[in-house]
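Colleague: fold the stuff below for me.
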Amino acid sequence: MAKTLVIIPTYNERENIAKLVESVTGQNLGLDILVVDDGNDGTDQLILELQKTRENLFLIHRSGKGGRGSAVIEGLKYGLEKNYDFLVEMDADFSHDPQALGELLAKAAPDTVVIGSRYMRGSKIVGWPLSRRIFSKFANFYASVVLGLGYSDYTNGYRVYPAALVRKLDLNAIRAKGYIVLSELSFALSKVGAEFAEVPIVFVNRARGVSNFSLKEIKEAFLSVVKVRFAGKWLELLVLVLLSLSFFVGLAHALPLTNVISDESPNVGGVLRALENKTVLPAVGDVPYATVTYLLSYVFVAAYLALAWPFFGFDLAALKEQVVDNLSSVYLVTRGSSAVLAIIAAALLYKFSRRASITVLVMTSIIVTAMFRTTKVWVLTTVLTLASLYYLYAAITAKSRRAIFWSILFAALSLANFPFNFYAVGLAVAVLLFVFRRERQFYGVIFKSALAGTAVVAAVTAMNWQNILDQVATILSSPAAGGIDLGGTLASFWLYLKRTVLMFPFLLMPLLFTRGIRDRVLFWLSLLYLAVYLAAISIVAPWVSSVDPFLRYLVPVAFFLGLILASLEFRWNKILAVSAALSFLVYALTLCYLARPTTYNLAADWAAESLNSERVIIVNDVSRLQFPLNAKSAALLEERFCSTRCRQTIERNLGADFASLVVDARRKREDFDLPAQYYLFTNEPRPTHAKQIFGSAAPGEHFSMDNKLGLYFDFDYYRLKNLGEAIYVYEID
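Modeller: So this is what the prediction gives:
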């Protein structure tokens with residue numbers, strides 16, 4: 001029978017300790033008990049008295065309050081010295097039920113740390129206020145993100161440690177105090193090969209005595225988790241912090257011209273109109289797709305307006321007027337949500353790979369850099385897919401029911417956001433059914449999770465039914481809807497492979513130095529997702545006939561390639577760092593481009609300064625280009641294009657300082673008879689009897705967020721001055 005020691009740290013626990021010793025002994029498990037006491041309430045004297053009748057009870061009394069962490073370490077050292085096989089730690093206040101000891105020890109193994117969990121199926125917390133529950137949930141989430149050890153309860157000190165693993169540690173090097181020793185011990189044990197298993201427990205708030213958990217310990221715990229995770233890796237931490245901060249650089253790309261990036265207006269105009277109508281539901285035609293992205297933008301914009309409201313004296317009319325006059329500030333808020341999503345994506349990548357270089361390689365690729373400075377549908381969809389894949393990996397490796405649920409739910413959310421992402425749901429469910437085909441106990445949770453995912457998709461679809469129906473109809477009307485042309489699909493697949501090489505050379509370069517597969521589960525999962533994604537996009541979007549357009553379709557490929565790298569070992573260890581450094585150089589250049597005015601901004605600013613006259617008509621044929629809108633120009637717009645800002649311009653005579661009349665493709669069909677006219681072009685032939693008076697770029701240059709931006713071997717990219725189309729102004733004689 002395994003020799004087991006129960007370590008109980010105490011500080012002024014006289015009211016509880018005698019009853020606890022009796023309860024532990026009463027389990028009849030042959031356990032020895034060690035009390036490590038720091039208190040001054042006579043707990044030690046009570047233990048000495050109890051020792052007279054109990055041979056299995058031992059005491060270490062320390063002067064002063066050394067802290068729970070050091071008490072546990074002291075107990076572990078004692079257990080190793082006395083040659084115990086397993087070492088149990090538990091609290092003295094009955095929050096850890098002694099009756100759960102048998103179940104914990106039943107799972108004990110020489111290579112497995114067993115944790116009593118408050119956050120898995122079958123567990124329960126009794127007597128905690130809501131604030132304590134929220135704090136504990138947040139602390140666990142924080143620790144799981146930073147440490148990523150794959151279990152659910154990082155902050156509960158009811159655990160069984162195998163002495164064989166603890167002997168491999170330098171316990172003197174573990175210096176954490178308080179409850180943070182749990183994280184440091186677990187992380188250190190993971191480095192020497194520990195597996196982790198959990199048992200659901202009923203956690204009861206202390207009925208007697210006073211809690212010894214202080215605010216100071218809370219602060220130290222949050223800081224110490226980072227110290228534990230990045231001990232000896234401060235350079236990696238610095239790189240990740242700087243990378244995360246850089247996600248907020250370039251968000252103002254092309255502002256205040258708010259239509260330079262397509263797909264963004266639903267996340268601002270649609271949200272503002274919904275807020276104005278006191279509803280969450282988008283109006284028909286406002287949000288053609290990306291409903292979950294719209295909802296995320298709704299939260300960010302609503303929070304922004306709530307924070308701004310007091311600065312306008314709680315006057316909604318004044319706040320509305322400010323928003324209408326400064327729409328670019330709201331666009332900046334929604335793009336801020338994408339920066340937050342970029343940080344989440346980087347955190348998930350780092351949890352997978354444990355290598356900052358892989359995170360840098362993915363997040364600094366040109367197309368990822370460009371898209372994550374927008375609120376286009378690919379941003380949130382990709383992050384949700386990555387989260388689904390993360391939990392799918394956890395479900396397979398840890399056989400976690402909780403991970404099964406989250407994998408399917410995140411896949412369902414990605415589908416709800418973008419109908420194309422049906423592949424993510426199909427893959428998650430199919431892989432789970434295949435992996436657990438001989439373990440029928442998991443069928444129930446897979447089925448229930450699929451039902452929950454279906455309910456989520458149905459709920460989101462119901463919010464935006466007509467618009468989503470139109471989107472699905474568009475997908476179904478693609479050439480693939482009439483049957484798959486094998487030859488055309490293979491040609492499309494080959495083109496997407498070529499684009500992958502041109503778009504992700506630094507992610508592909510380390511593959512030349514591969515030595516073998518480090519993590520087979522991650523390798524095959526990532527490769528499967530990559531292959532299925534490329535096949536799906538080749539079938540659904542076969543119209544792409546050259547490498548330039550629709551580069552955003554390959555944003556998810558960057559993440560799948562990064563995960564493949566995370567699963568491999570390399571002959572030359574520095575190859576990832578070298579590739580990341582090269583990628584970062586191009587990233588820095590891209591950020592410089594994003595921080596500069598675009599060609600659209602240059603043309604608009606030039607026209608505002610040089611063409612500001614009542615005698616001038618500006619005929620704007622560049623769809624992305626916007627001019628200051630005055631009342632007479634707004635009055636020319638068709639009614640369907642005249643939304644809140646347009647109506648406010650007419651009613652309040654806004655933009656009067658820009659006198660020119662601007663007409664574009666949204667205008668009503670009318671004739672204009674004024675002495676002088678100016679046409680704005682991209683690369684169209686020069687009009688007859690026209691003289692060029694302005695040019696924003698050289699012919700052939702066209703690097704916008706929506707087209708062309710993302711190719712490393714288009715060397716025009718490296719000599720750009722500004723992003724955007726080549727725009728020319730011609731004066732008609």
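
Colleague: what are the phi and psi angles of residue 650?
Modeller: Main-chain dihedrals, residue 650, degrees, to the nearest 10: phi -70, psi -50.

Colleague: need the contact list for it.
Modeller: 631, 634-635, 642 (Cβ atoms under 8 Å, 6 or more residues apart in numbering). In this view, the C-beta of every residue, glycine as well, is placed from N, C-alpha and C.

Colleague: pLDDT check: weakest of those?
Modeller: Within the set of these, pLDDT is lowest for residue 642 (81).

Colleague: my read is that that one contacts residue 634, right?
Modeller: Yes. Here residue 642 reaches residue 634: they are 6.6 Å apart, a contact under Cβ atoms under 8 Å.

Colleague: so these two - more neighbours on which side?
Modeller: Shown here are residue 642 and residue 634; by other Cβ atoms under 10 Å, residue 634 has more neighbours (21 against 16).

Colleague: apart from its chain neighbours, what residue comes closest to the more buried one?
Modeller: residue 649 (4.4 Å; Cβ to Cβ, 6 or more residues apart in numbering).

Colleague: and this structure, what are its domains?
Modeller: 4-231, 335-594, 599-732 (automatic domain parsing).

Colleague: take the contacts of residue 650 and keep only those in helices.
Modeller: Applying DSSP state H to the contacts of residue 650, the entries found in helices are 631, 634.

Colleague: can you redo the contacts of residue 650 as JSON lines, where the extra columns are distance to residue 269?
Modeller: What follows is the contacts of residue 650, written out as JSON lines (distance: Cβ to Cβ, whole Å):
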{"residue": "631", "distance to residue 269": "20"}
{"residue": "634", "distance to residue 269": "15"}
{"residue": "635", "distance to residue 269": "20"}
{"residue": "642", "distance to residue 269": "12"}
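
Colleague: low pLDDT regions in the stretch 401-550 of the chain?
Modeller: For the stretch 401-550 of the chain, applying pLDDT under 70 flags the ranges 471-472, 474-486.

Colleague: where along it do the helices fall?
Modeller: 401-417, 422-435, 443-463, 465-476, 486-503, 505-508, 520-540 (DSSP state H, counting those that start in this stretch).

Colleague: surely residue 331 is in a helix?
Modeller: Yes. Under DSSP: H, G, I helix; E, B strand; the rest coil, residue 331 falls within a helix.

Colleague: any stretches of the chain with poor pLDDT?
Modeller: Using pLDDT under 70, the flagged stretches of the chain are 1, 175-179, 206-224, 226-233, 471-472, 474-486, 668-677, 679-688, 698-701, 733.

Colleague: 50 instead?
Modeller: 209-210, 212 (pLDDT under 50).

Colleague: so for this protein, the centremost residue is which one?
Modeller: The residue lying closest to the centre of the chain (Cα atoms, centre = their mean) is residue 344, at 2.6 Å.

Colleague: name the nearest residue to that residue, sequence neighbours excluded.
Modeller: Residue 344's closest residue in space is residue 383 (Cβ to Cβ, 6+ apart), at 5.9 Å.

Colleague: how far off centre is the one helix or strand that neighbour maps to?
Modeller: Per DSSP states H and E, residue 383 falls inside helix 377-398. Mean-position distance between helix 377-398 and its chain equals 10 Å (Cα atoms, centre = their mean, to the nearest Å).

Colleague: equivalent analysis for stretch 289-303, please.
Modeller: Distance, centroid of stretch 289-303 to centroid of chain: 15 Å (Cα atoms, centre = their mean).

Colleague: ok, and for it, which residues are buried?
Modeller: By neighbour count, with 16 or more other Cβ atoms under 10 Å as the criterion, the buried positions of stretch 289-303 are 289-298, 300-301.

Colleague: which SS state does residue 617 fall under?
Modeller: Secondary structure, three-state DSSP: residue 617 is strand.

Colleague: tell me what it is bridged to.
Modeller: Beta-bridge pairing of residue 617, defined through DSSP bridges, involves residue 661, residue 677.

Colleague: what of residue 731?
Modeller: Counting by DSSP bridges, residue 731 forms beta bridges with residue 678, residue 691.

Colleague: hey, where'd the helices end up in the stretch 201-350 of the chain?
Modeller: 215-229, 234-246, 269-276, 291-308, 316-325, 327-353.

Colleague: just name the most buried of the helices of the stretch 401-550 of the chain.
Modeller: Mean neighbour count, computed with mean count of other Cβ atoms under 10 Å, is highest for helix 401-417 among those, reaching a mean of 25.

Colleague: between that helix and helix 377-398, how big is the angle?
Modeller: 160 degrees (axes from the mean of the first three to the mean of the last three Cα atoms, to 10 degrees).

Colleague: need the helices of the stretch 201-350 of the chain in TSV with distance to residue 153, can you?
Modeller: Below are these laid out as TSV (distance: least, Cβ to Cβ, whole Å):
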stretch	distance to residue 153
helix 215-229	14
helix 234-246	25
helix 269-276	37
helix 291-308	28
helix 316-325	44
helix 327-353	17
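
Colleague: that older thread, switch the helices of the stretch 401-550 of the chain over to CSV; also include distance to residue 27.
Modeller: Output for those, formatted as CSV (distance: least, Cβ to Cβ, whole Å):
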stretch, distance to residue 27
helix 401-417, 28
helix 422-435, 37
helix 443-463, 31
helix 465-476, 57
helix 486-503, 59
helix 505-508, 55
helix 520-540, 38
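
Colleague: dump stretch 702-711 to CSV, restricted to CA.
Modeller: Provided in CSV are the C-alpha atoms of stretch 702-711 (Å, rounded to 0.1, in the frame of the first residue of the first chain):
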residue,chain,number,x,y,z
HIS,A,702,-2.4,49.8,-56.2
PHE,A,703,-2.0,48.5,-52.7
SER,A,704,-5.2,48.8,-50.7
MET,A,705,-6.4,46.8,-47.7
ASP,A,706,-8.8,44.9,-49.9
ASN,A,707,-6.6,44.0,-52.9
LYS,A,708,-3.0,43.0,-53.5
LEU,A,709,-1.7,43.8,-50.1
GLY,A,710,-0.1,40.6,-48.8
LEU,A,711,2.4,39.4,-51.4
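
Colleague: show me which positions of that stretch end up buried.
Modeller: Those would be 702-706, 708-711, for stretch 702-711 by 16+ other Cβ under 10 Å.

Colleague: for residue 248, which of the domains of the chain is the nearest?
Modeller: domain 335-594 (4.9 Å; Cβ to Cβ).

Colleague: gap between the two ends of that closest one?
Modeller: 13 Å (Cα to Cα, to the nearest Å).

Colleague: for that domain, what is the distance to the chain centroid?
Modeller: The answer for domain 335-594 is 13 Å, by Cα atoms, centre = their mean.

Colleague: relative to residue 352, how far out is residue 389?
Modeller: Using Cβ to Cβ, to the nearest Å, one gets 9 Å for the distance from residue 389 to residue 352.

Colleague: those two: which is more packed in?
Modeller: Comparing residue 389 with residue 352 by other Cβ under 10 Å, the one with more neighbours is residue 389, at 28 against 24.

Colleague: buried stuff in the helix or strand residue 73 falls within?
Modeller: Assigned by DSSP H and E, residue 73 belongs to helix 68-81. Within helix 68-81, the residues scored as buried using 16+ other Cβ under 10 Å are 68-76, 78-80.

Colleague: do stretch 54-65 as well
Modeller: Buried positions in stretch 54-65, judged by neighbour count with 16+ other Cβ under 10 Å: 57-60, 62.
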